[in-house]
Each structure stands twice: as structure tokens, then as C-alpha cells.
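Participant: Provide a 3D model corresponding to the input given below.
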Amino acid sequence: MLRLINWSTTAFPLWILVGGALALVHPTWFTWFSGPWIVWGLAVIMLGMGLTLRVEDFRDVAKMPRAALLGVLGQFTIMPTLGWLIATVLNLDTPFAVGLILVSCCPGGTASNVVAFLARANVALSVVMTMVSTCAAVVMTPLLTQVLAGTMVAVDGWGLFLSTLQVVVAPVVVGVSLGRYAPRAVQWALPVAPLVSVVAIVLIVASIIGQSAAAIIDSALQLLSAVFVLHVAGFGLGYSLAKLLSFDDAVARTTSIEVGMQNSGLGVVLARAHFSDPLTAVPCAISSVFHSVIGSILAGLWRMRPTRGTQQPSRAASEASPAS
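Facilitator: From the prediction side, this is the model:
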């Protein structure tokens, strides 16, 4: 049973692809998962991340400050700039442009920890980067979205801040606290927590795609191209930045993965909560499909080329929830 759960969890890009495709053909299979269900779905995902972390894990930031800072800076400079440039150059419709910018301003997704493990990158560093970017997102995601998308639509920066605090930080804090004060319960839940996170993100993505199936089909080429370029460029520039600053290949791979993969679920929740046009959430949902597939392909290629000095996964990393 445990082997089946692990396999099902590792195959999360396949489930996202299947869910997204089915949502286009049979939207009603997934559109019931909407409103508060999406918020609770993201809360479950972030709670799963919190369960894998210990208070001691946060001390790892002090052990690798330069590398950790590299990933976080790349996350909040490269991706938002790319999001704005692509939306502008391709002249995306306003809701799609705002949605692309919003997801580009989100922190790294926890799926990056699993992809880093598969790619023989620095898993401990991946966990640290995800933790730091998630904490920084409480301020950076609302601020950057307001700066970059504020000329297109009215952006409620304070509202975005409060929502990010509620759906990101609170569940993580609860998860870490449970790990500290109820370790037996957490040990019982950990084997299935990643799979629960996978189910949650597939339902979130499929729901948004299903609710906007007609608009996605009408704008398929332009919209899919924009999201695809965003993530391919993010992976490439993240790797190049690390190499330019003379980091080793393991750190470069880790940075590439962290920069290229976003917490698309957060983007969906923020889009639904703070933008009146439902199409704003669509780029966020499609982002989850693309970054998972691209990251998995990269992991497969990199796995065939082992690097020296790659750290073994920490407890937190090896149990990290593969969700977006």
C-alpha cells in the first residue's frame, strides 16, 4: 500500500495533465470544487508542507545564506519581470495578463522539493528556499502584483496581504506546531499527506480549467504559449544566474527548479478572492500543469547526470508534499 501511495504521489504531473484534459471535455466533473473548497484545498496543501517541517529546519537558513538568498531573489525578480514582459509583448487580454503576473509573483511551490530530489539537486537547500520564499511572499506577492498589474486593473494590495497571511502562513504554522506537540499523530499522517496534497491541487486546477473551458479553448495558443514561455525561461534563467555567480551544478539545478516552479494554488486562491473576472485564475491553473511537467522532464534528464557534492535529502525534504 505504501509503495502504491508513493508511486501515485510521484506521478503528480500525470494526474494534473489528466485532470486538466478531462476538465476541458467534461467541466461539470470538477466545477463543483469551487468557492471555499478551493481555499480549503490550498490550506490542506500548505498544512501538508508544515507537517514536514520542524522548528530546527528553519535554522538551516543560517547555514546556507548565500545560496538561499539566490533562490529567493531569483523567485521575486526573474519571474515577476518575465510575467510582466510576456503579458505585455503578447498583448494578453487583461484578465489573462493580470493572472500571469499574479502567478509569476507567487513563491516557490512545494513540488519543487520533490523535483529537486529526483533531479539529484540540493534537496535541503530546496526546502530552505521554499520556506523563505513562502514567508517572504506575505509581503512580496501583494507588493509586486500591485506594482506590475496595478496599471491594468485595481489591485487591493492590503487584501492580498491578508489573504496570503491566512492561506499560507497560518496552515504552515499549524503544521509545524503539530509536528512539535503531536509528533505521533504527524508520523501517522505523513505517509498519506503528500497524496492528499496531490488530490487537492488536481481538483483546484481542474476546477478552474473546467469553469473557464470555453475561454481557454478560444485563447488556447496565445495563453498556453505565454505560460509555457514563463516557466521555460524561469527554469533557464534560474540555472544561468547560479552559474554566473559561480555556484556549483547542484545549487544551479536547485535554483533553476525553485525559480521555475510557482505556488500556483496560491495564485488561484488570490485571483478568485480579489479579482472580479474569473478568467484571472486561469493562467494560475495552467501554470500548475506546465511547471510540473517541465520540472519532471528536467528532473529526468538531470537524474542521468549525477553531480558531485549533492546533499542527501533531509527528513523534511524527503517527505515534502508534492503540491503546487
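
Participant: helices of the stretch 51-200 of the chain, start to end?
Facilitator: 60-63, 65-89, 94-104, 111-118, 123-149, 157-164, 170-181, 183-189, 193-211 (DSSP state H, counting those that start in this stretch).

Participant: I'd like the mean pLDDT over the fifth one, please.
Facilitator: Spelled out, that is helix 123-149. The average pLDDT for helix 123-149 rounds to 85.

Participant: so, low pLDDT: which residues of this structure?
Facilitator: 53, 55-62, 110, 306-324 (pLDDT under 70).

Participant: circling back to that earlier point, of all the helices of the stretch 51-200 of the chain, which lies closest to H274?
Facilitator: helix 157-164 (5.4 Å; Cβ to Cβ). Yep, even glycine has a C-beta here, placed from its N, CA and C like the rest.

Participant: which residues are in contact with that closest one?
Facilitator: 137-139, 141-143, 145-146, 266, 269-270, 273-274 (Cβ atoms under 8 Å, 6 or more residues apart in numbering).

Participant: drop anything exposed from these.
Facilitator: Among the contacts of helix 157-164, the ones that count as buried by 16 or more other Cβ atoms under 10 Å are A137, V138, T141, P142, L143, T145, Q146, L266, V269, L270, A273, H274.

Participant: turn those into a markdown table, columns for distance to F235.
Facilitator: Listed next are these as a markdown table, based on distance: Cβ to Cβ, whole Å:
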| residue | distance to F235 |
| --- | --- |
| A137 | 19 |
| V138 | 25 |
| T141 | 20 |
| P142 | 25 |
| L143 | 24 |
| T145 | 22 |
| Q146 | 26 |
| L266 | 19 |
| V269 | 24 |
| L270 | 23 |
| A273 | 29 |
| H274 | 28 |
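
Participant: take the helices of the stretch 51-200 of the chain and write them to a markdown table, including distance to L241.
Facilitator: Formatted as a markdown table, those follow (distance: least, Cβ to Cβ, whole Å):
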| stretch | distance to L241 |
| --- | --- |
| helix 60-63 | 19 |
| helix 65-89 | 6 |
| helix 94-104 | 16 |
| helix 111-118 | 16 |
| helix 123-149 | 13 |
| helix 157-164 | 25 |
| helix 170-181 | 27 |
| helix 183-189 | 36 |
| helix 193-211 | 27 |
